Structures are given as C-alpha cells and as structure tokens.
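Enquirer: just the structure for this:
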Amino acid sequence: MKIAVTYENGQVFQHFGHTEQFKIYDTDGAKVLSEEIVSTQGEGHGALAQLLKRLSIEVLICGGIGGGAQTALAQAGIQLYGGVSGSCDAAVQALLAGTLGYDPNVRCNHHDHEHGEGGHTCSGHGCGGHSCHR
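Expert: Next comes the predicted model:
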C-alpha cells in the first residue's frame with residue numbers, strides 16, 4: 001500500500017491545497033518498506049489529486065482539506081484520512097497499527113491565507129471570514 005502525507009519539516013502539513021511536498025511511504029500493509037519526499041512542483045488543489053493518482057497513492061493523510069479536493073481524491077480512488085496533525089512518520093505508523101486518530105468529516109473551505117505556519121491551525125477559531133472544522 002502506498003501512502004502519501006502532506007509534509008513540512010517532518011510534520012503533517014495542515015492545508016492540503018498549499019502543500020509543497022508529500023512524504024510517500026511504500027508499505028506492505030504492516031510496515032514501511034521505503035519512503036521518499038516528493039515535490040508538488042507548485043501544483044494546486046485540483047492537480048494534487050491527479051499527481052497522487054500518477055504516483056499510485058492509495059491513501060492520503062493530511063490536515064485540513066476542502067470539499068472539492070475531497071471529491072477529486074474520491075474520484076481518483078484515494079482513501080482520505082484528514083484532520084491529522086503531528087509527525088508524518090508517527091501518523092503512518094498509527095495508520096498501519098489501526099490506531100490513527102483522524103476526522104472523517106474534516107472540512108476546510110477557505111483559501112485566503114496560509115495555514116500551518118507559526119502554530120496556526122484551523123481548529124476551533126474564527127479566523128477572518130472562513131471556517132474550518134476538525
């Protein structure tokens with residue numbers, strides 16, 4: 001099973017559509033066999049699902065993600081685990097162990113500023129004119 005995680009400095013990046021890198025894990029379903037960091041090469045929201053499909057990704061772990069991106073991932077046959085934070089490596093290990101905490105109803109419906117910087121996350125606040133629910 002190939003797993004992609006939105007990636008920044010070892011952590012799960014908190015805004016799918018703005019991620020500059022994915023950490024890709026090739027697993028046998030129980031343990032990680034190999035891993036690599038892949039650049040998104042500036043591709044935005046819609047193109048990211050197609051990039052993951054080209055990389056034969058089966059599962060995506062991320063923080064916030066909008067409805068359009070969720071639809072694109074579903075159409076590409078990629079299973080989504082959203083609303084995840086912390087270490088990428090720990091998240092993948094938890095997924096493989098069946099203990100990953102995630103939010104199946106994660107929503108992020110804004111595009112007016114960066115997330116995941118300076119301790120900013122999308123949970124439980126009214127930041128500007130948007131809302132994110134984790």
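Enquirer: chain neighbours aside, what residue packs nearest to the residue nearest the centre of the chain?
Expert: For the chain, the residue nearest the mean C-alpha position is Cys62 (2.1 Å; Cα atoms, centre = their mean). Leaving aside its chain neighbours, Cys62 sits nearest to Thr6 (4.3 Å; criterion: Cβ to Cβ, 6 or more residues apart in numbering). Any C-beta I mention is one placed from the backbone N, CA and C, and that applies to glycine too.
Enquirer: my guess is Gly68 contacts Leu48. True?
Expert: No. Using Cβ atoms under 8 Å, Gly68 makes no contact with Leu48, being 10.9 Å away.
Enquirer: looking at those two, which has the bigger crowd around it?
Expert: Taking other Cβ atoms under 10 Å, Gly68 and Leu48 do not tie; Leu48 has more neighbours (25 against 13).
Enquirer: so the more buried one belongs to a helix, correct?
Expert: Yes. Looking at Leu48 with DSSP: H, G, I helix; E, B strand; the rest coil, it is inside a helix.
Enquirer: which secondary element of this structure has the worst mean pLDDT?
Expert: The helix or strand of the chain with the lowest confidence, counting by mean pLDDT, DSSP states H and E, is strand 132-133 at a mean of 39.
Enquirer: strands along this protein, start to end?
Expert: Secondary structure of the chain by DSSP state E: the strands cover 2-8, 11-12, 21-27, 32-39, 59-61, 79-81, 107-108, 132-133.
Enquirer: can I get the ones you listed in TSV including distance to Ser87 and mean neighbour count?
Expert: As requested, the strands of the chain are exported to TSV (distance: least, Cβ to Cβ, whole Å; neighbours: other Cβ atoms under 10 Å):
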stretch	distance to Ser87	mean neighbour count
strand 2-8	10	23
strand 11-12	6	22
strand 21-27	10	20
strand 32-39	13	12
strand 59-61	11	23
strand 79-81	14	18
strand 107-108	21	22
strand 132-133	21	18
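Enquirer: I appreciate the help and will end here.
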